[in-house]
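In: take a look and give me a structure for this.
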Amino acid sequence: MAPTTVQIECEDDTGDNCEGAENHNVRNGQTQLKTLVTVDPRLFMMDAKLVSRTYKYVRDVMRINNETILEHPFILRCSLSVIKSRHDFLNRLGRAHYQLAEKKESRKDTSEVIVEDSDDSHVDLVKLEHFLHASDAGFAMLAAKTLL
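Out: Residues are numbered from 1 along each chain as shown. As a prediction, this is how the structure comes out:
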């Protein structure tokens with residue numbers, strides 16, 4: 001089985017990728033990967049392409065930041081089709097706004113969800129624990145605030 005490679009991306013204040021930037025960014029990415037290995041080692045026994053596709057969807061489409069992924073690495077082991085269908089369902093309900101972990105780094109994280117003309121107190125954010133609920137009924141009640 002081929003080793004799993006997951007590239008954790010970040011951007012600086014200018015919007016440029018941090019690749020080849022200062023050593024701090026490289027060390028930070030390595031620290032995040034070490035955290036993933038420690039918290040959920042089963043993740044690295046999976047097909048690297050599947051993990052990478054899931055990561056890209058969660059990061060780019062759902063706009064989940066790296067800190068939140070590190071707190072909930074199980075999301076990278078979930079079926080991408082289930083993640084997509086749940087996110088699309090929440091999107092149709094207008095509830096696809098997720099509660100993100102606090103940033104531990106000073107760099108700008110472009111995955112941060114910013115809802116225009118409102119602040120977090122007016123938006124009912126979906127907790128990732130509810131989004132990742134094992135049953136569809138639990139997901140519908142907790143994350144979507146509806147019944148199946």
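
In: going forward, measure contacts between C-alpha atoms and count neighbours the same way
Out: Noted.

In: next SSE after the helix or strand bottoming out on mean pLDDT in the chain?
Out: One helix or strand of the chain scores below all others by mean pLDDT, DSSP states H and E: helix 23-39, with a mean of 72. Following helix 23-39 in sequence order, the next helix or strand is helix 48-56 (DSSP states H and E).

In: and the average pLDDT for that following helix is what?
Out: Across helix 48-56, the average pLDDT comes to 93.

In: who does it touch, helix- and strand-wise?
Out: Under the contact definition 3 or more C-alpha pairs under 8 Å, 6 or more residues apart in numbering; DSSP states H and E, helix 48-56 sits against no other helix or strand.

In: do you have the helices of this structure handy? List them.
Out: 23-39, 48-56, 66-71, 80-93, 128-131, 136-142 (DSSP state H).

In: from the contact counts, what lies against the fifth one?
Out: In other words, helix 128-131. For helix 128-131, the packing partners by 3+ C-alpha pairs under 8 Å, 6+ apart are helix 136-142.

In: buried ones in the helix it packs on?
Out: Residues 138-140, 142 are the ones in helix 136-142 that count as buried (16 or more other C-alpha atoms under 10 Å).

In: do stretch 52-70 as well
Out: Result for stretch 52-70 [16+ other C-alpha under 10 Å]: buried residues 52, 54-59, 62-70.

In: start to end distance for it?
Out: One end of stretch 52-70 sits 15 Å from the other (C-alpha to C-alpha, to the nearest Å).
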